[in-house]
Each structure stands twice: as structure tokens, then as C-alpha cells.
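Trainee: What would the 3D arrangement of this be:
(one chain, ligands or ions: 2)
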Amino acid sequence: MTKPPAIIQDVHNAAAILQRGEILAVPTETVYGLAGDATRDKVVAKIYTAKGRPEFNPLIVHTSSLAAAEMLAEFTPLARRLAEKFWPGPLSLVLPLRAGAGIARLVTANLPTIALRVPAHPVIQQLLRQLPFPLAAPSANPSGRISPTSAQHVQDYFTVHNVAAILDGGPCQYGLESAIIDASGPVPRLLRLGSIARQELSAIAPNLTDAAGDGKITAPGMLLKHYAPRLRLRIGCDNANPGEALLAFGPDVPLGFAAVLNLSPTGDLTEAAANLYRHLHALDRPEKFSGIATMILPQTGLGEAITDRLRRAAAGSGG
Ligand code: TXA
Ligand code: MG
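Mentor: Ligands and ions are numbered 1, 2, ... in the order given. All right, here's what the predicted structure looks like:
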């Protein structure tokens, strides 16, 4: 067996690894990312290889500040308002790539746009400020699997052959990926629901439209069949199949399940988002359970994004 990547705490050491052109798992407030120098195609290729990700699926580029992001893309007034409100934080903006930005073509999969985010987690902030280049970082899971919300999850997924090390930043505060808005055209489009509720985004971008229905290109990575556990996952359940584990929500939990983990016993959707991937990781045990059932969640606040991920998990599960 090849060794798993080491979990490290030292940001200087992490910066040195990245400057050598290796890839490193990094903490963010949403999920852990698999990071590399966004200006070097050879490094970015290693990220795609480690994830087993199709190369047409572009990556998010992380910078330490709005000023650093403005070197890479053209900001409309609305994009700047969104950035000023939500950065640093769990929002990614798709914007026209600036000519001469120096970003590796593999990062954007040759699109004329780039997805940018300024993360808030203090550890990745410290790291970005020590580096002379921005970081390309998709979620640190093999393509199609559940996103990692702890250093341990990442360690379970990769070997030191693929990922040099994992920089530890503790459990992720939000536990759900960033919301993605395409602000490159006249009408902002919500490409992915995420750690910011739709209503909060609409307060800044009142004409925000849902990309799912408008027939244009959406985030290429938003195919159904993402975030898939190994076990078959059912959604909206109130009764158990034999041997099934339950991912519950709220105080009223149905009986008869082989095991129960509750996203939030008090019915708090922010807590539920933070627990979602952790609990899915814990229940995805084919040697123990026959499947995973999940309960219905309210469609307010982050409930919409959590349900979106569960639908995708259900579509890709069991195979
Ligand atoms: O919270 C997050 O966003 C995490 C952390 C690590 O920052 N990252 C993350 O990356 O979720 P990833 O690669 O798993 O998802 C990025 C999504 C994909 O669906 C991709 O297709 C989309 O962003 N994307 C990236 N660049 C794009 C572009 N130029 N146009 C449209 N979609 C883009
Ligand atoms: Mg992902």
C-alpha cells in the first residue's frame, strides 16, 4: 500500500511545497481544496490527474484579496458589489479572463472566463499571502465523490504519490461548496447553490437568474451524478429498508433504521450544511449498511443547497 499524504500544520512548509510545483490539500471555510500554482499548466495537470477529473471541467482560482482578483479578471460594477459584500467568503464569481493574466489554460479549460474566489479561512489566507501566484483548487475529492470537510477525509482519498501533503485547518466552518455566480454577462446567473442562501445573493443582485433553466452553458461540473456515495442513497424517506442507515434532520426521527446520524437535531439549516458531508462520509459504509435514506428538509435558507447536493448524491449513488 502506498502511504497517505502527511497532515501538516506549518504554513511555510506548505508554501515551499507549492513553490516546488507540487500539489497540496488546503483548508477553506467551505470544503478542503486540492491546490496548485494556477500559472503553471504542468502543475494544474497534476490536479486533474489526482482527481481523475475530465479536463473540460474548469477550476476555481483563489486569491488573497479583491485587488489580487482584479489582476486576473474584468469586474463589472455588479461583480464588484458582490465581491465587496461576500469576500472573503463562500462566493465564486465567473468573470471575463483578463488578457495577459498569466493563468494556465488548463485552469479555465480554455474558456474566455475564469471562476475566482477570495476564501476567508485564516490558514489559506496566510498561505496565499506568502505565495507569488494564485491557487487553482477544486474540492479535494476524487471526481464524483463526496467533498471533504476535514484533513482526515482528504487523507482517506489520496496517496502521497498524488498529493504531497495536507495542510490542516480543522473542520470546515460551512461544509458546503461556495455559491457560484456567472457575472460575466449583463444578467447575473446562479450556476451553483452553495454556502450563501439565494435570498442573500438576490439582495445584492436582484436580477439573479437560475442558470439551470436558461438553456445556456452552466458550470460544467454541475452534472447530476456528482457528490456520490458508494451506497445507494434515497431522498425524502420516512420508512426504512432493511439494513439502511438514516441521515436525519430535526427532532422527529422515524424509527427502524440500522443507524441514524442527525444533520441538526434542532432543525438548524446552517448546522445541517456543516454536517452534511461529514455525516455522508461516516454513513457510506457498504460493509455495514445496505443504503442511506435521507429525510425531507425545508427549502428555505441553506435547505435548498443541501437538497440540491442530496439529489445529485442520489443520482450518482450505488455505483
Ligand atoms: O467552495 C468551493 O468552491 C471549493 C473550495 C475548494 O474553494 N471549490 C470547489 O471547486 O468546489 P470544484 O472544482 O469542485 O467546483 C468548481 C465548479 C465546477 O462546477 C466548475 O465547472 C465551475 O466551478 N467553474 C469553474 N470555472 C468556471 C467557468 N469559467 N465557467 C463556469 N463554471 C466554472
Ligand atoms: Mg467539487
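Trainee: Surely Gln130 and Asn13 touch.
Mentor: No. Gln130 is beyond contact range of Asn13, at 10.7 Å (criterion: CB atoms under 8 Å). The way it works is simple: take the backbone N, C-alpha and C, and place the C-beta from them, glycine included.
Trainee: which ones are touching Ile296?
Mentor: Ile296 sits next to 235-236, 249 when contact means CB atoms under 8 Å, 6 or more residues apart in numbering.
Trainee: now those residues: which count as buried?
Mentor: 235, 249 (16 or more other CB atoms under 10 Å).
Trainee: taking the contacts of Ile296 one by one, which sit in strands?
Mentor: Of the positions in the contacts of Ile296, not one sits in strands, assigned by DSSP state E.
Trainee: so which of the contacts of Ile296 comes closest to ligand 1?
Mentor: Nearest to ligand 1 among the contacts of Ile296 is Ile235, at 21.0 Å by CB to the nearest ligand atom.
Trainee: just checking, the closest one touches Thr294?
Mentor: Yes. Assessed by CB under 8 Å, Ile235 is found in contact with Thr294 at 5.0 Å.
Trainee: overlap in contacts of the two?
Mentor: Common neighbours of Ile235 and Thr294 (CB under 8 Å, 6+ apart) are 310, 314.
Trainee: And the residue of the stretch 51-200 of the chain found nearest ligand 1, how far from Phe158?
Mentor: Nearest residue of the stretch 51-200 of the chain to ligand 1: Pro138, at 2.9 Å (CB to the nearest ligand atom). Separation of Pro138 from Phe158 (CB to CB, to the nearest Å) stands at 13 Å.
Trainee: and if you look at Gln299?
Mentor: Distance, Gln299 to Phe158, using CB to CB: 35 Å.
Trainee: Pro119 now?
Mentor: 21 Å.
Trainee: if you count what's nearby, which of those two comes out ahead?
Mentor: More neighbours surround Pro119 than the other of Pro119 and Phe158, with 28 against 23 (other CB atoms under 10 Å).
Trainee: what's the neighbour count on the closest residue to the more buried one other than its chain neighbours?
Mentor: Closest residue in space to Pro119, ignoring its immediate chain neighbours: Thr28 at 4.4 Å, by CB to CB, 6 or more residues apart in numbering. Using other CB under 10 Å, Thr28 has 28 other residues around it.
Trainee: quick one on the thing from earlier: do I have it right that the residue of the stretch 51-200 of the chain closest to ligand 1 meets Lys51?
Mentor: Yes. At 6.3 Å, Pro138 counts as touching Lys51 under the criterion of CB under 8 Å.
Trainee: Identify the contacts common to those two.
Mentor: In contact with both Pro138 and Lys51: Leu34, using CB under 8 Å, 6+ apart.
Trainee: Please compute how far stretch 137-156 lies from its chain's middle.
Mentor: Centroid displacement of stretch 137-156 relative to its chain, using CA atoms, centre = their mean, to the nearest Å, is 9 Å.
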